[in-house]
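1. Structure, please.
(chains A and B)
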2 protein chains.
Amino acid sequence: MSDPFVSIQLQRDDPLPLYRQLYLHIEKAILSGRLEPGQKLPPIRRLAARLGVNTVTVVQAYRCLERAGLAAARVGSGTFVAYQRKAIPDQPVPPGTVEPDQPGLDLPDSWQVALPPEAINFATLTPDAALFPVDDFQAIINQVLNRDRGEAFGYQESQGYYPLRCSAAAYLTQSGIKCGAETIQVISGAQQGIDLIARSLIMPGDRILTESPTYTGAMAAFRSRGAQIHAVPLQDDGIDLEALENQLKIQQPKLIYVMTNFQNPTGICYSPEKQKALLDICRRWDVLLIEDDSFTELAYNREQGQAIKAQDEDDRVIYIKSFSKILMPGLRLAFMLAPQRLLPQLMAAKHIADISTSGLVQRVFDVYLRRDLWKTHLEYMKECYRERYHHILQAIQDSFPPEVSFRAPEGGLCLWVEGYPGLSSNRLYEACLAHQVVIAPGSHFFPDNRDSRFFRLSFAALSLEDISRGIPIIAQQLNNLYNPAYHPGQRFSPLL
Amino acid sequence: MSDPFVSIQLQRDDPLPLYRQLYLHIEKAILSGRLEPGQKLPPIRRLAARLGVNTVTVVQAYRCLERAGLAAARVGSGTFVAYQRKAIPDQPVPPGTVEPDQPGLDLPDSWQVALPPEAINFATLTPDAALFPVDDFQAIINQVLNRDRGEAFGYQESQGYYPLRCSAAAYLTQSGIKCGAETIQVISGAQQGIDLIARSLIMPGDRILTESPTYTGAMAAFRSRGAQIHAVPLQDDGIDLEALENQLKIQQPKLIYVMTNFQNPTGICYSPEKQKALLDICRRWDVLLIEDDSFTELAYNREQGQAIKAQDEDDRVIYIKSFSKILMPGLRLAFMLAPQRLLPQLMAAKHIADISTSGLVQRVFDVYLRRDLWKTHLEYMKECYRERYHHILQAIQDSFPPEVSFRAPEGGLCLWVEGYPGLSSNRLYEACLAHQVVIAPGSHFFPDNRDSRFFRLSFAALSLEDISRGIPIIAQQLNNLYNPAYHPGQRFSPLL
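-> This is a model prediction of the structure:
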């Protein structure tokens, strides 16, 4: 078989980027069979040199091949053709070959990141699929289809299927948030909720205050509307109120975005006093608050806290409740509880965005909530997570260098680790990735994407064995990157 | 039982609109049981007079009650409490009582429109739920869940589940559009596709050209990004190319939005010559074309046409393919085929919008396409629709006044009717609604929302009996509104 790489000619005057041209050449060779499954692709440097392009161009092309399921990288040995034409349709996709469906980082740019399939993933907050209550859901899907037939597949009201809004309202009322079905907007996941708020309320140039660090997906949604994000530091009991008031004075922001229980990524919970003080400040400054809640139920070492929304007497908080992290993210279902005056705008935005959330999923989740299967499952998940939580804490204590510290959160799915002074967590990410371990570097969570010594470790997707294997690898990389020349007082790496 | 309306006090200094305050008072009375199911609400004029508010306020409050499933209007007799507390959860919702899930107009503002539950709906393009292939889907859902278990409920790649992209690419290739899985973006319905394009490519002030009349949801998505819409008239064989070139000269638009087969609302198909000429113009002016395709397969009286995308050699067309109108709209699933250079932006927008489309739905639809069940279903739907199509044509011929005309389309799901000169189709809409028949007035389809003598009649959701009952009612209203004083040459009603 002739070497299909000999004939590749990239055109610099083609509007298509060079990496894309290279990708298309190799894709063609794979799909035509000129490159066979298992065949090794040329080493990056060699191919770059031969084509007269930057190595980055080849890396990008290879990553695209991985994303398309056409190639797979094996650390230390190179990239291989992984495409296997399927002989029989309707068969399950063989794991690790064609399907590039591995969840990446739970970050808006995760679609650009191809992770090695066997990597130990401390970056994702997506629960282990083996824990999903598939049997319960399958039974309810059948029950709903037998009951509602074609109606389950029709368009739904944009605000959401009414009985589901009733059962969601009942659930939230039990959690201390009194509400009725008519103030609930069903959304296709929390991310959509943040995005609907952004498109309904934010104009280009508007300023938004967030906690620092904060959730990447929220920043991306706000920025997609041209907002400027200003970060307010977190303290152990919630956002720094003095810094917040200073920012309110300077920025006159449109809204403030917070996570009050087991904040992502820090795991911090707001104290009741701080919740109250934050609401007071919002009232005084007449500013909207978005409260994003995915983790409140996951309290291992304390009683379950309340949402700020529970005290929102003058209807100033938009509350987003997601079950993705405890139930199943692929449902694409969450709830938004918004001030009455904002509901019409939010509903209109929902209609423009996708008309309505899947009716079948809404009907199934309605039955699931009514039957209290949710509560049983939550207890089960809490037990699983609690075990992992204690396990990871112990593993870290056993193997991390003493210069590395963190404050153990009282719940949630992740730990926010403060490396030793001088650590670059971006470098740590690269070093771990080379050993098939993925962490989430702090740069993902700061509005200015600055490198720092902080990083996030999540145990949502990992077995006890994964944790036991992965933590010592991270510890080893922390040791390898340690440079005693840095002074303990120096907070950030001067390398970046 | 005391009259709960006596105690209502509306506060003009409350930031909540008066209608909303009134709604909340009545909702409370219903939910507390002070107003009982079946009880009549006060006549609109009388309540408005008693409260000292405009009748519009009461109408809005009653509409909200209807939308919330708490009340139902009976034409000619008033509005009644319709809420029934459910004794046993998990039971099917009794039709016509609690569930306000009736599809409205397929328009972005449909969530504001409460239709009488027994109305004959010529406005919706949503297929009759009784025609949905529920059994096939139920079997495949079970098969997929048995095969993939929890994986079916995990996050999916933002671009879409890879095997589904393969089967979609195979389907499109069969329809003449050669493409690979890696250029397909899975979307949660065609509306989301238009919206992703709007948010990726449009900046405030950008100009967009559309056909006139056109699809309301597209206009809403473009406008949500601050675009200006400029309309180009349609001719029998597609958009008016001379007018288009004039607009291109003046507006320098960012993109052109068209539906080339059975255009909504007119039912027009582009001739092959016009398709080619339109592509040439786009190339000459270097402008993007969005082609929105929901109906191509529904050719009753001609061979199935091709999409412009099939001839798109220089990758200038963003093609959106929806199956909602032929299969089941509640799946919330469609495909977008975009030029390579735009895919990264569109994928990023998808991730910000809702991370990914439901994995279960994607897996199920993948199997459905691979098994060719889709083709069998399409043939079945075509037969059903063809029968309705001939039936509505005959019914119109039998009963509409001769001054009303239309050009029978060769397929699709709707007819675009041209009333006699002087007709206001907004008034016709009101007159028909009073007789429990719903039409879509032309004003919904023109970018400037102008009233006109045009209206759209769809037969997607209607049985032959519905059509036989409904068309004579519309005919009667057409006769009632006829005013011989208008001259035939006068094209639009001077009343609006």
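2. Is residue A:308 in contact with residue A:260, as I believe?
-> Yes. Applying Cβ atoms under 8 Å, one finds residue A:308 in contact with residue A:260, separated by 5.3 Å. All C-beta spots, glycine's among them, are computed from the backbone N, C-alpha and C.
3. Common neighbours of the two, please.
-> Residues within reach of residue A:308 and of residue A:260 at once, by Cβ atoms under 8 Å, 6 or more residues apart in numbering or on different chains, are A:270, A:275, A:291.
4. I'd like the distance between the last one and chain B.
-> In this structure, residue A:291 lies at 20 Å from chain B, with Cβ to the nearest Cβ, to the nearest Å as the measure.
5. One more: the first one?
-> As defined by Cβ to the nearest Cβ, residue A:270 lies at a distance of 26 Å from chain B.
6. And for that residue, the neighbour number?
-> Using other Cβ atoms under 10 Å in any protein chain shown, residue A:270 is surrounded by 25 other residues.
7. which residues sit against the helix or strand containing residue A:194?
-> In the assignment (DSSP states H and E), residue A:194 maps to helix A:190-201. Residues outside helix A:190-201 that contact it (Cβ under 8 Å, 6+ apart): A:185, A:187, A:217-218, A:221-222, A:224-225, A:227, A:254-255, A:257, A:288, A:290, A:292, A:294, A:318, A:320-322, A:324, A:332, A:334, A:336, A:342, A:345-346, A:348-350, A:353-354, B:199, B:224, B:351-355.
8. one more time with 7 Å
-> Contact partners of helix A:190-201, identified using Cβ atoms under 7 Å, 6 or more residues apart in numbering or on different chains, comprise A:187, A:217-218, A:221-222, A:224-225, A:254-255, A:290, A:292, A:294, A:318, A:320, A:322, A:324, A:334, A:336, A:345-346, A:349-350, A:353, B:224, B:352-355.
9. helices or strands up against the helix or strand just after it?
-> Using DSSP H and E, the helix or strand that directly follows helix A:190-201 along the chain is strand A:207-212. Strand A:207-212 is packed against helix A:216-224, strand A:228-235, helix A:241-251, strand A:255-258, with contacts defined by 3 or more Cβ pairs under 7 Å, 6 or more residues apart in numbering or on different chains; DSSP states H and E.
10. contact partners of strand A:207-212?
-> A:218-219, A:222, A:227-234, A:239, A:244, A:247, A:251-258, A:263, A:446-447.
11. where does chain A dip in pLDDT?
-> Low-confidence segments of chain A (pLDDT under 70): A:1-2, A:15-16, A:67-69, A:74-76, A:83-115, A:484-496.
12. Mind listing the residues bridging to the closest residue to residue A:265 other than its chain neighbours?
-> Counting by Cβ to Cβ, 6 or more residues apart in numbering or on different chains, residue A:456 is the residue found nearest to residue A:265 once chain neighbours are left out, at 4.1 Å. When assigned by DSSP bridges, residue A:456 has beta-bridge partners residue A:416, residue A:440.
13. residues contacting residue A:456?
-> Residues counted as contacts of residue A:456 (Cβ under 7 Å, 6+ apart) are A:265, A:414, A:416, A:440, A:445.
14. nearest to chain B, of the residues you listed?
-> Set against chain B, the nearest of the contacts of residue A:456 by Cβ to the nearest Cβ is residue A:440 (15.2 Å).
15. that older thread, chain center to the helix holding residue A:194: distance?
-> Distance, stretch centre to chain centre, for helix A:190-201: 16 Å (Cα atoms, centre = their mean, to the nearest Å).
16. how far off helix B:216-224 does that helix point, in degrees?
-> Taking axes from the mean of the first three to the mean of the last three Cα atoms, to 10 degrees, one finds that helix A:190-201 is oriented at 70 degrees with respect to helix B:216-224.
17. circling back: ChimeraX command for the buried members of the contacts of helix A:190-201?
-> Buried subset of those, written as a ChimeraX selection, criterion 16 or more other Cβ atoms under 10 Å in any protein chain shown:
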select /A:187,217,218,221,222,224,225,254,255,290,292,294,318,320,322,324,334,336,346,349,350,353 /B:224,352,353,354,355
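18. Kindly list the longest helix within chain A.
-> helix A:373-399 (DSSP state H).
19. just to revisit the earlier point, so which of the helices and strands packed on strand A:207-212 is nearest residue A:474?
-> Among the helices and strands packed on strand A:207-212, the nearest to residue A:474 by Cβ to Cβ is helix A:216-224 (20.8 Å).
20. Using neighbour counts, pick out the buried residues of stretch A:459-476.
-> By neighbour count on 16+ other Cβ under 10 Å, the buried set for stretch A:459-476 is A:459-462, A:466-468, A:470-476.
21. Looking at those residues, which is nearest residue B:372?
-> Ranked by distance to residue B:372 (Cβ to Cβ), the buried residues of stretch A:459-476 are led by residue A:461 at 36.5 Å.
22. Pull the contacting residues for that closest one.
-> Residue A:461 makes contacts with A:121, A:124, A:126, A:127, A:128, as judged by Cβ under 7 Å, 6+ apart.
23. Next, find the distance separating the third one from residue A:379.
-> Looking back up the chat, that one is residue A:126. To residue A:379, residue A:126 is 20 Å away according to Cβ to Cβ, to the nearest Å.
24. what about residue A:475, helix or strand, and which?
-> Taking DSSP H and E as the definition, residue A:475 sits inside helix A:464-481.
25. residues near the nearest residue to residue A:405 once chain neighbours are set aside, how many?
-> Among residues not flanking residue A:405 along the chain, residue A:418 sits closest, at 5.2 Å (Cβ to Cβ, 6+ apart). Residue A:418 has 18 neighbours, counted by other Cβ under 10 Å.
26. What residue spans form the domains of chain A?
-> A:1-101, A:135-371, A:375-481 (automatic domain parsing).
27. most packed of these?
-> Across the domains of chain A, averaging neighbours per residue (mean count of other Cβ atoms under 10 Å in any protein chain shown) puts domain A:135-371 on top, at a mean of 21.
28. Would you state the helices of chain A in chain order?
-> Counting by DSSP H, chain A has helices at residues A:18-31, A:44-51, A:55-67, A:134-148, A:162-174, A:190-201, A:216-224, A:241-251, A:272-285, A:343-354, A:359-370, A:373-399, A:425-433, A:464-481.
29. what angle separates the fifth one from helix A:373-399?
-> Helix A:162-174 and helix A:373-399 are oriented at 50 degrees to each other (the same axes, to 10 degrees).
30. does any part of helix A:162-174 sit near chain B?
-> Yes. With Cβ under 7 Å from any Cβ of the partner chain as the criterion, chain B is reached by helix A:162-174 at A:162, A:163.
31. Quick one: list the elements packing against that helix.
-> Contacts defined by 3+ Cβ pairs under 7 Å, 6+ apart place helix A:162-174 against strand A:184-187, helix A:359-370.
32. Just confirm yes or no for stretch A:366-383 near chain B.
-> Yes. Residues of stretch A:366-383 contacting chain B under Cβ under 7 Å from any Cβ: A:367, A:370, A:371.
33. among the domains of chain A, which is nearest residue B:298?
-> With Cβ to Cβ as the yardstick, what comes closest out of those is domain A:135-371 (18.5 Å).
34. What's the end-to-end length of the closest one?
-> By Cα to Cα, to the nearest Å, the extent of domain A:135-371 from end to end equals 14 Å.
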